[in-house]
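Asks: Give me coordinates for this.
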Amino acid sequence: MTRFLFNRLMSGIIVVIGVSVLMFLLARVIPGDPARLALGPEASAEQVEAMRQQMGFDRPIAEQYIRFMKGALNFDFGRSLYTDNPVSQDVAATFPATLELVIFAGVAMTLIGGAMGIASAHFKDRWPDNAARILSLLAVALPNFVWALFLMLLLSFWLGLLPLTGRLSESLTAPPAVTGLYTVDALLAGQWQVFRDALAHIVLPAVALSLPGLAQISRLTRTNMVDSYDRPFVEFARAYGLAESSIALKWALRPAIIPTLMILGMQIVALLGNAFIVETIFHWPGMAKYGVNAIMRKDLNAVIAVVMLISVFFVLINMIIDTIVSFIDPKIRLKAS
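Replies: Residues are numbered from 1 along each chain as shown. So this is what the prediction gives:
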């Protein structure tokens with residue numbers, strides 16, 4: 001097991017280093033002088049040159065990369081041209097909002113998508129199966145921003161059931177920061193009104209963010225469970241008179257869940273990518289929206305920090321998923337070792 005985790009960790013480190021090299025080179029080949037962008041068009045040539053020296057662009061490329069990696073390892077990405085704050089401070093302030101959104105979307109994607117897939121396989125070729133397949137196709141066919149706009153119109157404008165934008169109503173004060181997640185912090189502080197309001201605000205963006213992944217999980221779970229139902233061990237279980245619910249959850253689902261879990265890590269990371277659009281539409285003050293603003297203003301330090309953090313998140317999620325899968329199916333762990 002130790003060797004398995006070590007191999008996964010080494011693979012993750014290689015991925016992060018690859019992303020760092022790509023972002024480092026990208027920041028130096030895109031049109032425009034980063035020093036000029038930092039100072040604005042009114043700056044003199046002497047000011048621009050002084051800024052280039054301060055940012056280290058006058059040094060050899062290898063020395064620039066080493067300096068860049070030292071800063072990244074210390075979570076120091078310089079100052080943001082957009083907010084004029086340290087980038088690490090901006091990311092630390094906005095990441096909890098994105099994390100909370102991704103957690104809610106990931107839980108909805110996993111539980112609802114898995115339940116739809118199980119029901120669809122159990123009622124194969126009957127109306128629950130047909131309904132789930134149609135809903136899955138719709139969720140995959142339409143991009144996140146279309147679902148976001150549709151849900152805003154339906155549940156906010158027309159029905160008035162849920163708030164439209166933001167994390168919390170203006171009349172309420174954010175709970176004392178412990179985790180940075182409003183729903184969790186409100187529960188810890190016993191502020192039930194704030195908790196209900198924060199929960200209501202997160203429903204629309206979380207649902208809009210989760211729908212494509214939810215559909216993928218549902219379809220994959222159904223396909224693998226239908227295949228499991230055709231296996232001899234399921235026939236033996238039926239011959240022994242086991243209940244259909246026991247067969248579905250114990251005998252058909254367990255072998256079917258492994259491919260679903262393996263794709264789940266990719267889907268969770270995809271939530272972070274799709275959050276750039278969803279957070280912008282719902283004015284959700286998270287790291288993804290901060291990243292969009294940084295891209296629009298060519299704020300390279302902020303863009304690099306956001307991308308690097310997403311890559312680290314990708315590695316951690318996939319390590320967790322791989323570890324869970326290896327416990328469910330030891331053959332995978334033995335092959336990897």
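Asks: Could you use CA atoms for every contact and neighbour count after this?
Replies: Noted.
Asks: any idea where the helices of the stretch 101-250 of the chain begin and end?
Replies: Counting by DSSP state H, counting those that start in this stretch, the stretch 101-250 of the chain has helices at residues 127-141, 144-151, 182-189, 192-229, 232-239, 244-246.
Asks: Now do the buried residues in the helix or strand Ile324 falls within.
Replies: Assigned by DSSP states H and E, Ile324 belongs to helix 300-328. Buried residues in helix 300-328, counted by 16 or more other C-alpha atoms under 10 Å: 300-311, 313-319, 321-323, 325-326.
Asks: In contact with Val303, which residues?
Replies: Going by C-alpha atoms under 8 Å, 6 or more residues apart in numbering, Val303 touches 291, 294-295.
Asks: Which one (most neighbours) among the residues you listed?
Replies: Neighbour counts for the contacts of Val303 (other C-alpha atoms under 10 Å) peak at Gly291, which has 23 neighbours.
Asks: quick revisit: among the contacts of Val303, which has the minimum pLDDT value?
Replies: Lowest pLDDT within those is found at Ile295 (84).
Asks: That one is in what secondary structure piece?
Replies: Remark: Ile295 resides in helix 287-296, with elements defined by DSSP H and E.
Asks: So which bits of that helix are buried?
Replies: For helix 287-296, a neighbour-count test (16+ other C-alpha under 10 Å) marks 287-294 as buried.
Asks: Relative to Leu151, which of these is nearest.
Replies: Of all the buried residues of helix 287-296, Lys289 has the smallest distance to Leu151: 19.4 Å, by C-alpha to C-alpha.
Asks: Kindly state the pLDDT recorded for that closest one?
Replies: Looking at Lys289, the pLDDT reads 93.
Asks: List the contacts of it.
Replies: Residues near Lys289 by C-alpha under 8 Å, 6+ apart: 275-277, 279-280, 283.
Asks: Narrow these to those that are buried.
Replies: Burial by neighbour count, judged by 16+ other C-alpha under 10 Å, picks out 275-277, 279-280 from the contacts of Lys289.
Asks: Break this protein down into its structural domains.
Replies: Per automatic domain parsing, the domain ranges recorded for the chain read 2-73, 87-336.
Asks: possible to save those as JSON lines with distance to Arg79?
Replies: Formatted as JSON lines, those follow (distance: least, C-alpha to C-alpha, whole Å):
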{"stretch": "domain 2-73", "distance to Arg79": "10"}
{"stretch": "domain 87-336", "distance to Arg79": "5"}
